[in-house]
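# Got a sequence here, can you build the structure:
(2 chains)
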There are 2 protein chains.
Amino acid sequence: MRDVSIIGIGQVPIGDRWDKPIYFLAVDAMLAALQDARVERIDSVHIGNMLSSTLSGQDLLSSLVTDEAGLRGVEAIKVEAACSSGGAAFREAYLAVASGQIDFALVCGVEKMTDHPGEEITAGLVSASDADWESAMGDTFVAINAQLMQRYMHEYKIPHSAFAPFPINAHRNAINNPYAMMHYELTQAMFDKARMIADPINLLDCSPVCDGAAAAVLCPTEIARQFSPFPIKVRASAIATDSLALHDRRSVLALDAVAMSAQKAYRQAGLQPSDIDFFEVHDAFSITAVMSLEACGFAAPGHGVELGQNGDIFLGGKIPVCTMGGLKARGHPVGATGMYQLVEATLQLRGLAGKNQVKDAAIGMAQNIGGSGSNVVTHILEREA
Amino acid sequence: MRDVSIIGIGQVPIGDRWDKPIYFLAVDAMLAALQDARVERIDSVHIGNMLSSTLSGQDLLSSLVTDEAGLRGVEAIKVEAACSSGGAAFREAYLAVASGQIDFALVCGVEKMTDHPGEEITAGLVSASDADWESAMGDTFVAINAQLMQRYMHEYKIPHSAFAPFPINAHRNAINNPYAMMHYELTQAMFDKARMIADPINLLDCSPVCDGAAAAVLCPTEIARQFSPFPIKVRASAIATDSLALHDRRSVLALDAVAMSAQKAYRQAGLQPSDIDFFEVHDAFSITAVMSLEACGFAAPGHGVELGQNGDIFLGGKIPVCTMGGLKARGHPVGATGMYQLVEATLQLRGLAGKNQVKDAAIGMAQNIGGSGSNVVTHILEREA
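Residues are numbered from 1 along each chain as shown, chains lettered A, B, ... in the order given. Below you'll find the predicted structure:
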């Protein structure tokens, strides 16, 4: 099995991108990654996307985007894993290069949400839950996560205000990220007073609806230095799954797939949580970030919020998270998010994260979650010495 | 790069399967493949599906089906490439095993179409065309293929009745396939008199709307005989792409992606068309079968219909196609079709195709097309000596 490295990255500013159709957002990110990698040849294109079939009536986004990028003819594939589509597409590109059949793989996560009415977006997002047992009963995707947060707060006797450090950290970090959607600070008072969405989840617990695309070029590690002065090695790549419906789980608070996915990744890399210098966590809701940190071994069950209260998650803390703004403030264009996380982790490991640079960052982890913990993709990246 | 073999196959009867939800169709095929392979362990699940997001409001079919099959926790991924989703999922499973990271991959193509009103199915299918330049102009997917057929008939001066041997062959072969949807013979007269759908495509040029699922288990060739008395080796696996919109093509009659995909596969296997003992061709419409045979090198441009008129495509002919009924008569549950083709090719190469057995079949090709030739997956399989 060949080792695989990232030799190019590209991303577009996240926001309400009414100026471009979905395929041009993807093309912009892909061309930026190609230019960064300085490669002439691409053997395969891997697209991560959740909603283009439902919202835009466009299947075969793989072929369309490949053609629009000037790569007509090249092998192309689209992966859908709800909000973990981006990370899953990266894993497929990784396996393709690892196999030895593909030398240069271009992977792009892309999503266009804002062109559509709110009720269509809500209907699209809830398709990540169980259609027969959750959405058919009237659940929205926020409501499902609200059940998780309600149960968590009840079980561990944690007040809602204790979650504030997570969105506060994300917003603070996004200010220095020119690709982020939100460029303003949050305070505890703003968080406590925010409008309720689905009790106990309020507006500032939630990542925003938005458009975006991020891309990377992968090649075998052994030739990576020919193309990049700072290739970043993929040390681990893992996916684990769980039931879609919350009521089917062993424990609604355990996030088994998050734990299994991280454990597989640690095992592949021969590492443990204390070796991770920063963690691009999937903070779709503040409760998701807290429960993920616990499931990944950074805190004991019920103690995840303390990582926020102690400042451990801040830049300079023990385990910085959402170093460029996370889903909450960089934005969460669902099928693109996993690729934004990996692009940001690459920037950190290259030492090019600017004011948000994690000091001496050598090993970073990025975790992308589909559904309420139903499909979880974990990657560990390492700066080459 | 490791060689990869098929050690188990499974399929469910195609038709109007109102008796089962989409995930149980998939589970039935997957459990049949697991039982056939006699493996206890599965490392990854690869689902091919086109329409569950659009028609059933169900994303994350990968995790759902994996859970329902009793494999909760196992890595799972869903691939969408319109009507070539099944073949594309097989390719991803192939690359995963070839990489060395996955030993036992389970791949399943599944589709549930018949529960939905006709206009929703039509809207779902046309998402395989260009949303801005084709479907937005009122094109349906049949209408796009009708443009191809019209142009072909005009350019090469071929009458419509010359296409009849293709559906006639498919229906004849389906009679002996218990999993096929249609079990009756067609005649030239029936074909000539059939109801018009989109001029010149009539009802008997078209594959039917239906439900189905087919699955296979892959593992490294070197251990395949531990699990199957007749492992079937994957000699080639290739994808090529073209524009979605017909008007963007170099020539609408060339099907460049079909040709490139086949050429890549021939090159990988070190074979040429004359080495292929039978060809599971993508006869979504009779024009698709004819143009594909030309693009794959079995006939010169404009001469594909002669393969039907000479009987070359029949069982016992020079290049038998649709040996178990093809898309026309076995059925075309879109995202499942590529896996039905590969399961049927495996049956042929095992020598277990019953009355439809191609004599001394040693090498078979299966080609799965997404869109009007926009994403084309070609596999060549070989019986191990």
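
# ok now do A:Ala180, which residues does it touch?
A:14, A:174, A:324-325, A:329-331 (CB atoms under 8 Å, 6 or more residues apart in numbering or on different chains). Just so you know, the C-beta spots here come from the backbone N, C-alpha and C atoms, and that holds for glycine as well.

# mind listing which of those residues are in helices?
Among the contacts of A:Ala180, DSSP state H puts A:Ala174 in helices.

# could you say what helices and strands the helix or strand that A:Tyr340 is a member of packs with?
With secondary structure defined by DSSP states H and E, A:Tyr340 is part of helix A:337-350. Here helix A:337-350 touches strand A:4-11, helix A:85-99, strand A:105-111, strand A:212-220, strand A:232-241, strand A:278-280, strand A:363-370, strand A:375-383, going by 3 or more CB pairs under 8 Å, 6 or more residues apart in numbering or on different chains; DSSP states H and E.

# coming back round to it: top of the contacts of A:Ala180 by neighbour count?
Compared across the contacts of A:Ala180, A:Arg330 has the highest neighbour count, 33 neighbours, by other CB atoms under 10 Å in any protein chain shown.

# Get me the contact residues on the stretch 201-350 of chain A for chain B.
Residues of the stretch 201-350 of chain A that fall close to chain B, judged by CB under 8 Å from any CB of the partner chain: A:237-244, A:248, A:256-257, A:260.

# What's the ChimeraX line that selects buried ones from the residues you listed?
Per 16 or more other CB atoms under 10 Å in any protein chain shown, the buried members of these correspond to this ChimeraX selection:
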select /A:237,238,239,240,241,242,243,244,256,257,260
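
# picking up where we left off before, now the helix holding A:Tyr340: mean pLDDT?
Averaged across helix A:337-350, the pLDDT comes to 98.

# possible to save the helices and strands packed on helix A:337-350 as JSON lines with distance to A:Lys20 and mean pLDDT?
Output for the helices and strands packed on helix A:337-350, formatted as JSON lines (distance: least, CB to CB, whole Å; pLDDT from 0 to 100):
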{"stretch": "strand A:4-11", "distance to A:Lys20": "14", "mean pLDDT": "98"}
{"stretch": "helix A:85-99", "distance to A:Lys20": "18", "mean pLDDT": "98"}
{"stretch": "strand A:105-111", "distance to A:Lys20": "10", "mean pLDDT": "98"}
{"stretch": "strand A:212-220", "distance to A:Lys20": "9", "mean pLDDT": "98"}
{"stretch": "strand A:232-241", "distance to A:Lys20": "28", "mean pLDDT": "98"}
{"stretch": "strand A:278-280", "distance to A:Lys20": "25", "mean pLDDT": "98"}
{"stretch": "strand A:363-370", "distance to A:Lys20": "23", "mean pLDDT": "98"}
{"stretch": "strand A:375-383", "distance to A:Lys20": "26", "mean pLDDT": "98"}
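
# Single out the most deeply packed of the ones you listed.
strand A:105-111 (a mean of 32; mean count of other CB atoms under 10 Å in any protein chain shown).

# So which elements touch the next helix-or-strand element following that one?
Using DSSP H and E, the next helix or strand after strand A:105-111 towards the C-terminus is helix A:118-126. Judged by 3+ CB pairs under 8 Å, 6+ apart, helix A:118-126 is in contact with helix A:52-56, helix A:141-156.

# try 7 Å
Judged by 3 or more CB pairs under 7 Å, 6 or more residues apart in numbering or on different chains; DSSP states H and E, helix A:118-126 is in contact with helix A:52-56.

# Show residues contacting the helix it packs on.
With contact meaning CB atoms under 7 Å, 6 or more residues apart in numbering or on different chains, helix A:52-56 is reached by A:22, A:58-59, A:61, A:112-113, A:116, A:120, A:124, A:127, B:53-54, B:80, B:127, B:131.

# follow-up on the earlier one: ok, which pair from the residues of the stretch 201-350 of chain A next to chain B is furthest apart?
A:Ser237 and A:Asp248 (26.7 Å; CB to CB).

# contacting residues for the residue positioned nearest the centre of chain A?
In chain A, the residue lying closest to the centroid (CA atoms, centre = their mean) is A:Gly338, at 3.1 Å. When contacts are counted by CB under 7 Å, 6+ apart, A:Gly338 touches A:48, A:84-87, A:90, A:109, A:368, A:377.

# Output those in TSV; the columns should cover distance to chain B.
Converted to TSV, the contacts of A:Gly338 look like this (distance: CB to the nearest CB, whole Å):
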residue	distance to chain B
A:Gly48	11
A:Ser84	9
A:Ser85	9
A:Gly86	13
A:Gly87	11
A:Phe90	12
A:Gly109	14
A:Asn368	13
A:Val377	9
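
# Can you tell me which of those is closest to B:Ala214?
A:Ser85 (24.4 Å).

# contacting residues for that closest one?
A:Ser85 neighbours (CB under 7 Å, 6+ apart): A:48-50, A:79, A:109, A:335, A:338.

# Go ahead and confirm A:Ser127 touches B:Gly57.
Yes: judged on CB atoms under 7 Å, A:Ser127 makes contact with B:Gly57 at a distance of 4.9 Å.

# Between the two, tell me which one has more neighbours.
Set A:Ser127 next to B:Gly57 and count neighbours by other CB under 10 Å: A:Ser127 wins out with 26 against 17.

# Give me the distance between the residue nearest to A:Gly325 when sequence neighbours are not counted and A:Leu315.
Take A:Gly325 and drop its neighbours on the chain: the residue closest to it by CB to CB, 6 or more residues apart in numbering or on different chains is A:Ala174, 2.9 Å away. A:Ala174 is 12 Å from A:Leu315, where distance means CB to CB, to the nearest Å.

# quick one on the thing from earlier: and the contacts of A:Ser85, which of them are in helices?
Per DSSP H, the contacts of A:Ser85 map to helices at A:Gly338.

# which of the contacts of A:Ser85 count as buried?
Applying 16+ other CB under 10 Å to those, the neighbour count classes A:48-50, A:79, A:109, A:335, A:338 as buried.

# Just say helix, strand or coil for A:His46.
Assigned by DSSP: H, G, I helix; E, B strand; the rest coil, the conformation of A:His46 is strand.

# That one bridge partners, please.
Beta-bridge pairing of A:His46, defined through DSSP bridges, involves A:Ile77, A:Val107.

# my guess is it contacts A:Val74, does it?
No: using CB under 7 Å as the test, A:His46 is too far from A:Val74 to be in contact (10.9 Å).

# Which one's more surrounded, those two?
Taking neighbours as other CB under 10 Å, A:His46 and A:Val74 compare with A:His46 leading, 31 against 22.

# gap between that one and B:Ala89?
For A:His46 relative to B:Ala89 (CB to CB), the value is 14 Å.

# for A:Thr140, same thing?
For A:Thr140 relative to B:Ala89 (CB to CB), the value is 30 Å.

# again, but for A:Ile239
From A:Ile239 to B:Ala89 the distance is 15 Å (CB to CB).

# Likewise for A:Asp130?
Taking CB to CB, one finds A:Asp130 at 22 Å from B:Ala89.
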